[in-house]
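Participant: Dropping the sequence and predicted coords here.
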Amino acid sequence: GENVEQHPSTLSVQEGDSAVIKCTYSDSASNYFPWYKQELGKGPQLIIDIRSNVGEKKDQRIAVTLNKTAKHFSLHITETQPEDSAVYFCAASTFGGGNDMRFGAGTRLTVKP
Amino acid sequence: DTAVSQTPKYLVTQMGNDKSIKCEQNLGHDTMYWYKQDSKKFLKIMFSYNNKELIINETVPNRFSPKSPDKAHLNLHINSLELGDSAVYFCASSPIGGGWSTDTQYFGPGTRLTVL
């Protein structure tokens, strides 16, 4: 089955700096890669996703890149703000196969003002 | 509001008891899930239901049983609760059924279960 590894487990940056979180996956059949943000006491919320037919996707300060050959994908947050502080999860699944979605272990991002 | 909702938000109970967590989604989705998040924040899928049919059971003890009275609800029943069951349980749903927009899972707010 799919195995998703996520690094780093904790990340601390100064406000305004960039943050990068990296994930690798094992199943070459995986083709859907969402990123979730989980704030304290809340459920994970989708912030961006990417499918295997594109290599990069951007939404304002958030971008995700995908390298299918190397089986890794990354989340990039630019101009970080204190409200970006949360736990971020990457995940991977096959198209139309949400039943097989596997999550990374999470990265606790702290943005210091 | 369109969302995935869970009740209760907090559940504190004694070992050996039986408890249920309810989940409802009004998004019209076809598939619902239960996840367990442990103290280290690791998210692990427990069950998936598609149109009231169980799709996967990730080696969860049979003390846990999902019940889906209809497509919009997936409740989680737990019998003979153990200390190790303490965790946050999340319900989620997704519009599985074809097309590029069908993979995203939408999570509920979670239920923090504490077994004493």
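Facilitator: Cool, got the structure.
Participant: rest of the way, CA atoms for contacts and neighbours
Facilitator: Noted.
Participant: Surely A:Glu2 is within a helix?
Facilitator: No - with the criterion set as DSSP: H, G, I helix; E, B strand; the rest coil, the secondary structure at A:Glu2 is coil rather than a helix.
Participant: got a list of what it touches?
Facilitator: A:Tyr25, A:Ser26, A:Asp27, A:Ser30, A:Ala92, A:Ser93, A:Asp100, A:Arg102 (CA atoms under 8 Å, 6 or more residues apart in numbering or on different chains).
Participant: again, only using 10 Å
Facilitator: Shown here is A:Glu2, whose contacts under the criterion CA atoms under 10 Å, 6 or more residues apart in numbering or on different chains are A:25-30, A:91-94, A:100-103.
Participant: Redo these as TSV? Include distance to chain B.
Facilitator: What follows is the contacts of A:Glu2, written out as TSV (distance: CA to the nearest CA, whole Å):
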residue	distance to chain B
A:Tyr25	16
A:Ser26	17
A:Asp27	17
A:Ser28	17
A:Ala29	14
A:Ser30	12
A:Ala91	10
A:Ala92	10
A:Ser93	8
A:Thr94	8
A:Asp100	9
A:Met101	8
A:Arg102	8
A:Phe103	6
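Participant: So among the residues you listed, which ones count as buried?
Facilitator: A:Tyr25, A:Ser30, A:Ala91, A:Ala92, A:Ser93, A:Thr94, A:Asp100, A:Met101, A:Arg102, A:Phe103 (16 or more other CA atoms under 10 Å in any protein chain shown).
Participant: who's in contact with residue 66?
Facilitator: Chain wasn't specified; assuming chain A. The contact partners of A:Leu66, by CA under 10 Å, 6+ apart, come to A:23-24, A:33, A:50-57, A:72-75.
Participant: should've been chain B
Facilitator: Under the criterion of CA under 10 Å, 6+ apart, the contact list for B:Pro66 reads B:20-22, B:33-34, B:46-49, B:54, B:57, B:74-78.
Participant: And the pLDDT for it?
Facilitator: B:Pro66 is assigned 92 on the pLDDT scale.
Participant: Close to chain B: what parts of chain A are there?
Facilitator: If contact is defined as CA under 10 Å from any CA of the partner chain, the residues of chain A in contact with chain B are A:32-34, A:36, A:38, A:41-46, A:48-49, A:51, A:87, A:89, A:93-108.
Participant: Tell me, how many residues neighbour the closest residue to A:Thr78 other than its chain neighbours?
Facilitator: Among residues not flanking A:Thr78 along the chain, A:Ser18 sits closest, at 4.4 Å (CA to CA, 6 or more residues apart in numbering or on different chains). Other residues near A:Ser18 come to 16 when the count uses other CA atoms under 10 Å in any protein chain shown.
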